[in-house]
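Trainee: After the sequence you'll find the predicted model.
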Amino acid sequence: MIKGFNNYTSKWKIKTSSEIIPGLASIKSALEELDNPHQSGKFVHIAGTNGKGSTAVLLAGILRAHGLTVNSFFSPAINDVHDQIQLNGTPISETEMDNAMERLAEIKTPLTEFELLTAAAFLAFEKNASDITIIEAGMGGRFDSTNVITPEVSIIPSIALDHMGFLGETIGDIAWHKAGIIKKWRPVVIGNLLEQAKSRVIETANAMHAEVIEPKKPLQVELKLKGKHQLHNAALAAEAAKELLGLGYDEAKAEAGLANAVIPNRFEEIYPNVIFDGAHNSASIQALVETIKDTYPGKTIHIVLGILKDKDYINILRQLEQVSDRFTFIDFTNERALPAKTLFDESKSKIKTIQNMYDILPEREEKEVTIVTGSLYLLSSLRERDIPTFQNLYPHS
């Protein structure tokens, strides 16, 4: 369920399903009824297992530093549905969302919840035109409802095992889905992919006569974003920007745009020594573990973890246990959430407890760093004002 979206579907009496139904027939039919708003403007399309949102924000930073306006579509939400559709950096307003939903209430093609949100985004972008619109795929790529555009450039930051129930059991299978965003004669920028994934992407690119661009090394720039992996994402953003800007690309402006980029829930310090990070699969957890080691050597680490059922939670636990032996497992409101007791039972931690997001965390140790991770849905829930989780930690904040 997309947080806050039901307010609009109820208001405009639009029935949707939260079920994931692969395929583009419905979204194409709906967009045709709407006079094909996705055919207006210039797009960048990003698909991959990890790094999509970071790369999107870094690229937007570069483009804005060059004086361009940038719209964006993100998945999933940080707080609620409004921040998934960004109009030149500002979350879509309730009025703008109502305008889109009013038109969507008139179409005959039934859509899933995510398809409906995708259509709403295209309507908003058509009405509020920008120089470039950056679109992040929801899941996979080839059959994702965002894959109806012809982008100026595509980006695939990473490919790892995730959503295997929908995308396949092997890296090659998943790469086939991600590579589906590559379009004929349009370049694709790729990250440091495993050989099995890279060969599948190159095979698709060759069939599409699409140039494959691979940064030779991470970009050596100052970033507000923590973690070595963000330097790799910055390199991808820079290469994509060069394709978009051509001779207008200015390295100094690019570095300034990258330096100012901030991303909620990407190793974000929301209180002193309380970090939110949206890592939610084995690959992103590995990057998180390395960032913790680099950023907090010698510190006591407390992991607060909540996760979805379809994740490789045992492997995720083993990785996080490399940096901490104190865990708090959280039950949070989501139909796909894994029970905290399952994590508790599988954990090898010496100190562990179970809470729900309405419980208050105990007082922390003076030199302790709390890392809250495992699911963007969990982080979104904990950011709500009426959630008392951190009340004891910072009662006056």
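Mentor: Ah, there it is. Residues are numbered from 1 along each chain as shown.
Trainee: now the strands: where do they sit in this protein?
Mentor: 43-46, 70-73, 85-87, 90-91, 132-136, 153-156, 188-190, 212-213, 268-271, 274-276, 300-305, 326-331, 351-356, 368-373 (DSSP state E).
Trainee: looking at those strands, which is buried most?
Mentor: Comparing these by mean neighbour count (mean count of other Cβ atoms under 10 Å), strand 153-156 ranks first with a mean of 29. Bear in mind the C-beta positions are built from the backbone N, C-alpha and C, glycine included.
Trainee: Mind listing the strands that strand pairs with, and their directions?
Mentor: Strand 153-156 sits in its sheet next to strand 43-46 (parallel), strand 188-190 (parallel), going by DSSP bridges.
Trainee: do you know which of those strands lies nearest residue 358?
Mentor: Residue 358 lies closest, by Cβ to Cβ, to one member of those: strand 43-46, at 35.0 Å.
Trainee: Touching that closest one from outside, list them.
Mentor: The contact list for strand 43-46 (Cβ atoms under 8 Å, 6 or more residues apart in numbering) reads 52, 55-56, 59, 132-137, 146-147, 149-157, 181, 240, 244.
Trainee: centroid residue for this protein?
Mentor: Centroid-nearest residue in the chain, with Cα atoms, centre = their mean: residue 53, separated by 4.2 Å.
Trainee: Against residue 30, how distant is that one?
Mentor: Residue 53 is 25 Å from residue 30, where distance means Cβ to Cβ, to the nearest Å.
Trainee: From residue 45, how far off is the closest residue to residue 335 other than its chain neighbours?
Mentor: Leaving aside its chain neighbours, residue 335 sits nearest to residue 1 (7.0 Å; criterion: Cβ to Cβ, 6 or more residues apart in numbering). Separation of residue 1 from residue 45 (Cβ to Cβ): 25 Å.
Trainee: Please name the residues that touch the closest residue to residue 44 other than its chain neighbours.
Mentor: Take residue 44 and drop its neighbours on the chain: the residue closest to it by Cβ to Cβ, 6+ apart is residue 134, 4.7 Å away. By Cβ under 8 Å, 6+ apart, residue 134 lies in contact with 43, 44, 46, 56, 59, 60, 70, 71, 72, 73.
Trainee: so which of the strands of the chain comes closest to residue 258?
Mentor: strand 70-73 (14.0 Å).
Trainee: what residues are up against the residue nearest to the centre of the chain?
Mentor: By Cβ under 8 Å, 6+ apart, the contact set of residue 53 is 74, 136, 263, 266, 278.
Trainee: Please apply the same query to residue 51.
Mentor: Contact partners of residue 51, counting by Cβ under 8 Å, 6+ apart, are 157, 158, 191, 229, 232, 233, 236.
Trainee: again with residue 184
Mentor: Each residue near residue 184 by Cβ under 8 Å, 6+ apart is listed here: 208, 209, 210.
Trainee: per-residue confidence at residue 80?
Mentor: On pLDDT, residue 80 comes in at 88.
Trainee: Please apply the same query to residue 381.
Mentor: Value for residue 381, per-residue pLDDT: 86.
Trainee: Isn't it up against residue 358?
Mentor: No. In this structure residue 381 lies outside contact range of residue 358 using Cβ atoms under 8 Å: 9.8 Å.
Trainee: Which neighbours do those two have in common?
Mentor: Shared contacts of residue 381 and residue 358 (Cβ under 8 Å, 6+ apart): residue 387.
Trainee: more crowded one of those two?
Mentor: residue 381 (21 against 14; other Cβ atoms under 10 Å).
Trainee: quick one: that one from residue 5, how far?
Mentor: Look at residue 381 and residue 5: by Cβ to Cβ, they are 15 Å apart.
Trainee: which residues does residue 299 contact?
Mentor: Contact analysis of residue 299 by Cβ under 8 Å, 6+ apart lists 367, 368, 369.
Trainee: got the domain boundaries for the protein?
Mentor: 6-259, 268-382 (automatic domain parsing).
Trainee: Give the residue spans of the stretch 51-200 of the chain that score low on pLDDT.
Mentor: Residue ranges of the stretch 51-200 of the chain with pLDDT under 70: 162-168.
Trainee: If we use 80, what do you get?
Mentor: Applying pLDDT under 80 to the stretch 51-200 of the chain flags residues 78, 161-169.
Trainee: where do the helices sit along it?
Mentor: 52-65, 94-104, 113-127, 164-167, 171-178, 195-207 (DSSP state H, counting those that start in this stretch).
Trainee: Just put those helices in TSV and tack on distance to residue 80.
Mentor: Formatted as TSV, the helices of the stretch 51-200 of the chain follow (distance: least, Cβ to Cβ, whole Å):
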stretch	distance to residue 80
helix 52-65	16
helix 94-104	11
helix 113-127	12
helix 164-167	24
helix 171-178	27
helix 195-207	33
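Trainee: Tell me which of those helices lies nearest to residue 332.
Mentor: Residue 332 lies closest to helix 113-127 among these, at 19.3 Å (Cβ to Cβ).
Trainee: and of the helices of the stretch 51-200 of the chain, who's closest to residue 256?
Mentor: helix 52-65 (5.0 Å).
Trainee: by how many degrees do the closest one and strand 132-136 diverge?
Mentor: 170 degrees (axes from the mean of the first three to the mean of the last three Cα atoms, to 10 degrees).
Trainee: quick check: angle from the longest helix seen in the chain to strand 132-136?
Mentor: As far as residue count goes, and with DSSP state H defining each element, the longest helix of the chain is helix 229-245. Comparing the axes of helix 229-245 and strand 132-136 via the same axes, to 10 degrees yields an angle of 140 degrees.
Trainee: Let's see helix 229-245 as PDB, backbone CA atoms only.
Mentor: Written as PDB, here are the backbone C-alpha positions of helix 229-245 (Å, rounded to 0.1, in the frame of the first residue of the first chain):
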ATOM      1  CA  HIS A 229      29.300   3.400  -2.600                       C
ATOM      2  CA  GLN A 230      27.900   7.000  -3.000                       C
ATOM      3  CA  LEU A 231      31.100   8.000  -4.900                       C
ATOM      4  CA  HIS A 232      30.200   5.200  -7.400                       C
ATOM      5  CA  ASN A 233      26.700   6.600  -7.700                       C
ATOM      6  CA  ALA A 234      28.100  10.100  -8.200                       C
ATOM      7  CA  ALA A 235      30.200   8.800 -11.100                       C
ATOM      8  CA  LEU A 236      27.100   7.300 -12.700                       C
ATOM      9  CA  ALA A 237      25.300  10.600 -12.300                       C
ATOM     10  CA  ALA A 238      28.200  12.600 -13.800                       C
ATOM     11  CA  GLU A 239      28.300  10.300 -16.900                       C
ATOM     12  CA  ALA A 240      24.600  10.600 -17.400                       C
ATOM     13  CA  ALA A 241      24.800  14.400 -17.000                       C
ATOM     14  CA  LYS A 242      27.600  14.500 -19.700                       C
ATOM     15  CA  GLU A 243      25.200  12.800 -22.100                       C
ATOM     16  CA  LEU A 244      22.400  15.200 -21.300                       C
ATOM     17  CA  LEU A 245      24.400  18.400 -21.300                       C
END
